[in-house]
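K.L.:
Pasting a predicted model and its sequence here:
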Amino acid sequence: MKKFEETKFTIPALKGISAKTIEEHLKLYAGYVKHANLILEHIDELAKDAEKYAYELGEIHRRFSFEFNGMRNHEYYFKSFEGGAKALSPKSKLGEMLAQEWGSFDGWLARFKSIALTRGIGWAMLYYDKQTERLLTAWVDEQHLGQLSMCAVVLALDMWEHSYVADYQPSGKKKYTENFFENLNWEVIEKNFSDA
């Protein structure tokens, strides 16, 4: 069986997100990769007697979406830091689309930050919907509940406690969100958008 492999990231020193937090966070990402592979192996084993293991197969399939999306969401998150902070040009195609959809980049940013401050654990996401050719924002519970079907991820902001509590405490969610945007390499985000 072909296995998923960990992506190796080159993340520079970040403002407000410590090297220790990134180190621990990368270990969690490695766990998602490992468990996505283990689940697929286990599904193959159980499927040999699918009638006997129907309940287990149903539950483990649900778990697979959690592990798989945890793996992929984190890949978008970590890649967005590579190469160091670089601003988004308002004249870029992405900059123009954000302004068209939300009135201005700042209008989009305020909306996105409000999504990030949703109570609970999950992800603030910016997607591109190919069918309507527009950008959409969403909150994803945990890793997988609320992902938008057939939409490509452009930007993923991890709002699980492990991404900020060591540096900010539970009450520091807003400051972490502010610093996340100061560390973004918008060239990476623009590439996600152009790939979509």
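P.N.:
Right, received. Where do you want to start?

K.L.:
In this protein, which helix is the longest?
P.N.:
Taking DSSP state H as the criterion, the chain has its longest helix at helix 19-46.

K.L.:
Check which residues of that helix are buried.
P.N.:
21-22, 25-26, 29, 32-33, 35-37, 39-40, 42-43, 46 (16 or more other CB atoms under 10 Å). Any C-beta I mention is one placed from the backbone N, CA and C, and that applies to glycine too.

K.L.:
Between these, which sits nearest H162?
P.N.:
H25 (6.1 Å; CB to CB).

K.L.:
so what's that closest one up against?
P.N.:
H74, F78, D158, H162, S163 (CB atoms under 8 Å, 6 or more residues apart in numbering).

K.L.:
Quick test: name the residue nearest the centre of this protein.
P.N.:
Note on the chain: the residue nearest the mean C-alpha position is N73, at 3.0 Å, using CA atoms, centre = their mean.

K.L.:
In terms of secondary structure, what does the helix or strand hosting that residue contact?
P.N.:
For N73, the element it lies in under DSSP states H and E is helix 54-79. Judged by 3 or more CB pairs under 8 Å, 6 or more residues apart in numbering; DSSP states H and E, the packing partners of helix 54-79 are helix 19-46, strand 151-158.
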